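Novice: Pasted the sequence and its predicted model underneath.
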Amino acid sequence: MTTFSIEKIREDFPILKEKIRNKPLVYLDNAATCQKPQVVIDSISHLYTHEYANVHRGVHTLSVKATDRYEGAREKVKNFINAQSIKEIIFVKGTTEAINLVAQTFGKANIKAGDEIIITAMEHHSNIVPWQMLCEETGAVLKVAPINLQGELIFAEYEKLISDKTKLVAVVHMSNALGTINPVEKIIAAAKAKNIPVLLDGAQAIPHMSVDVQALDCDFYAFSGHKLYAPAGIGVLYGKQALLEAMPPYQGGGDMIRKVTFEETEYNGLPYKFEAGTPSIADVVGLGAAIDYLTEIGMDNIASYEAELLQYATAKAKTIKGLRIVGEAREKGAILSFVLDKIHPHDIGTMLDSLGIAIRAGHHCAMPVMDFFAVPATARASFAVYNTKEEIDILMNGIEQLIEVFG
């Protein structure tokens, strides 16, 4: 049962007071991006009002204060995911850049023609395309572990793909299109039995559950701030220190150097080796504030509450004639993807918007998933800590109205 006040939490998010088309906003597009609590907004405003300067490069007071806030956020990320060291926390633009960083540094240094990379059939494009590009450049081969009609990884088939040619496993922790929570502990253990490194795309998982990278024993973990109640434009790549130290820099420029001459450059140490140029300082500070906010609520409390919401929504959805849920994994996060008979998902999204309800309609950057389920797109309602069962009732009533209108 819920152990926090949902009313108080909703008060923390100013945008939830907005009206859309003269209706109270019902925001159910959290898998695309989450809304921001006032403490995150205030942290950014405070920085720009009182403490803003460039970081790492100045001895003046403002630069020292900004650097303290920036590096303090890195420490918060380290603790949030239980990394061993702040050297393992690399700030990037988001999950997509984090995965591309690994592909272009670790991948190019360690993967050659004939080697194999394993992904799954439920991946976001961000965990498909960078590996396709790497395979095109190197002559490596991309292997895809299949899923079943519930949207679950067929684990036995994944195990069969692992061979002496496998040089990396890159899988999603929680699917953005289906809500499936992968058995990542088993996935990692099977790879580690052959000393194969594993990258987890944690973009969807990180807002919904506790993540302990040491307990998981993953080699890389990538996530975005904007899905974690933090600003857009900031994300994190966690990597084991030994791997990051062996990887070449991703980009060249300021802050990733220790010494530059025209003859050669000596690179900076971790984590700065991978953080070229002026970073997104305020967004990093906002990420730190979001982590403080979520830590105070408790990630286990959030997971428990969202499980209640998903169970309630799923039961309601199954009473609606003509509605088919896409993705019914036994282990699933707070995502309800569905289709309606004879009504295109884009029409569902547009009609629900007229009622003030924000959902996502489309392929969700997971076109292979849509192909597997033989649908052009799905409608997707995705839940966050500030959503309520009353909002789910409004959604379901809206769907029933929609069905009536379309006959």
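Specialist: Everything's here; your move. Numbering: from 1, shown residues only.
Novice: Which element, helix or strand, includes Ala290?
Specialist: Assigned by DSSP states H and E, Ala290 falls within helix 281-297.
Novice: and that helix, what does it pack onto?
Specialist: helix 38-46, helix 61-81 (3 or more Cβ pairs under 8 Å, 6 or more residues apart in numbering; DSSP states H and E). For glycine as for every other residue, the C-beta is placed from the backbone atoms N, C-alpha and C.
Novice: Show me which residues of the next helix or strand after it are buried.
Specialist: Using DSSP H and E, the helix or strand that follows helix 281-297 in sequence is helix 299-317. Residues 299, 302-303, 305-307, 309-310, 312-314, 316-317 are the ones in helix 299-317 that count as buried (16 or more other Cβ atoms under 10 Å).
Novice: Stretch 86-94 now?
Specialist: Lys87, Glu88, Ile89, Ile90, Phe91, Val92, Lys93, Gly94.
Novice: contacting residues around Ala32?
Specialist: For Ala32, the contact set (Cβ atoms under 8 Å, 6 or more residues apart in numbering) comprises Arg360, Ser382.
Novice: How about Leu310: what's its closest non-neighbour residue?
Specialist: Ala334 (4.8 Å; Cβ to Cβ, 6 or more residues apart in numbering).
Novice: neighbours around that neighbour, how many?
Specialist: Residues near Ala334, counting by other Cβ atoms under 10 Å, number 28.
Novice: Then Ala232?
Specialist: Using other Cβ under 10 Å: Ala232 sits among 16 other residues.
Novice: so it makes contact with Thr33?
Specialist: Yes: Ala232 is in contact with Thr33 according to Cβ atoms under 8 Å; the separation is 6.8 Å.
Novice: Name the residues contacting each of those two.
Specialist: His226.
Novice: State the distance from Ile9 to Thr95.
Specialist: According to Cβ to Cβ, to the nearest Å, Ile9 stands 25 Å off from Thr95.
Novice: Comparing those two, which shows the higher neighbour count?
Specialist: Thr95 (27 against 21).
Novice: excluding its backbone neighbours, what's nearest that one?
Specialist: Ala203 (4.1 Å).
Novice: And Ala361, by the same measure?
Specialist: Gly349 (3.4 Å).
Novice: on contacts alone, who are the packing partners of the helix or strand hosting the one you found?
Specialist: For Gly349, the element it lies in under DSSP H and E is helix 345-353. If you count contacts as 3+ Cβ pairs under 8 Å, 6+ apart, helix 345-353 packs onto strand 360-362, strand 378-382, helix 389-406.
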